[in-house]
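**Student:** What follows is a predicted structure for the sequence shown.
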Amino acid sequence: MPAKRAMVEADNLDVSVRRQCDLLGLSRSSYYRSPVFETDENLKLMRMIDEEYTRHPFFGSRKIRDILLRKGYKVNRKRVQGLMGLMGLESIAPRKRTCIPHPDHRVYPYLLRGLDINHADQVWCSDITYIPLRT
């Protein structure tokens, strides 16, 4: 299959790419154009974004955009978002809706509802969520 893809001439003005694929018995969806490489400017911005992200992994696209603007680069947030997405970078800061419980987790009932608490030492509670252990 790769040999057939190499036979397709994208710059041929006489025969369209679609027709060439038909003649070769190659589906049009399996033909891909040559990959477009990143510009030097984008590579420079990506290096700067990576350096800043390494120093501050909790910065998002807005903060990194502000840093690049202060350094004299004319970039907008969408460009920084796109480059960060291309590099697989995302902020480690908490996101919205992080407190949504998992649907399979059991919800325990509040056992004191309806109980008239009117004097000391009637109800006790303890919290065992953190118990330091010797290592």
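**Tutor:** All right, it came through fine. Numbers count the residues shown, from 1 in each chain.
**Student:** Tell me which helix or strand the spatially most central residue of the chain sits in.
**Tutor:** Ranked by distance to the mean C-alpha position of the chain (Cα atoms, centre = their mean), the top residue is Glu90 at 5.2 Å. In this structure, Glu90 is located outside every helix and strand according to DSSP states H and E.
**Student:** can you count the residues close to the closest residue to it other than its chain neighbours?
**Tutor:** In space, and not counting its chain neighbours, Glu90 is closest to Met84: 6.8 Å by Cβ to Cβ, 6 or more residues apart in numbering. For the C-beta atoms, the positions are set from N, CA and C on the backbone; glycine is no exception. Residues lying near Met84 (other Cβ atoms under 10 Å) number 20.
**Student:** tell me which element Met84 is part of?
**Tutor:** Going by DSSP H and E, Met84 is part of helix 77-87.
**Student:** Can you point out the buried residues in that helix?
**Tutor:** Across helix 77-87, burial judged by 16 or more other Cβ atoms under 10 Å covers Arg79, Val80, Gln81, Leu83, Met84.
**Student:** same deal with stretch 19-27?
**Tutor:** Those would be Gln20, Cys21, Leu26, for stretch 19-27 by 16+ other Cβ under 10 Å.
**Student:** from those residues, which has minimum pLDDT?
**Tutor:** Lowest pLDDT within these is found at Leu26 (83).
**Student:** Distance of that one relative to Tyr32?
**Tutor:** 11 Å (Cβ to Cβ, to the nearest Å).
**Student:** Over to Lys74?
**Tutor:** Separation of Lys74 from Tyr32 (Cβ to Cβ): 33 Å.
**Student:** ok, and the closest non-adjacent residue to Pro101?
**Tutor:** Here the residue nearest Pro101, using Cβ to Cβ, 6+ apart, is Val107, at 7.6 Å.
**Student:** Against Val123, how distant is the one you found?
**Tutor:** 21 Å.
**Student:** Equivalent analysis for Arg106, please.
**Tutor:** 23 Å.
**Student:** Lys63 too?
**Tutor:** To Val123, Lys63 is 47 Å away according to Cβ to Cβ.
**Student:** again, but for Thr98
**Tutor:** Per Cβ to Cβ, Thr98 is found 31 Å from Val123.
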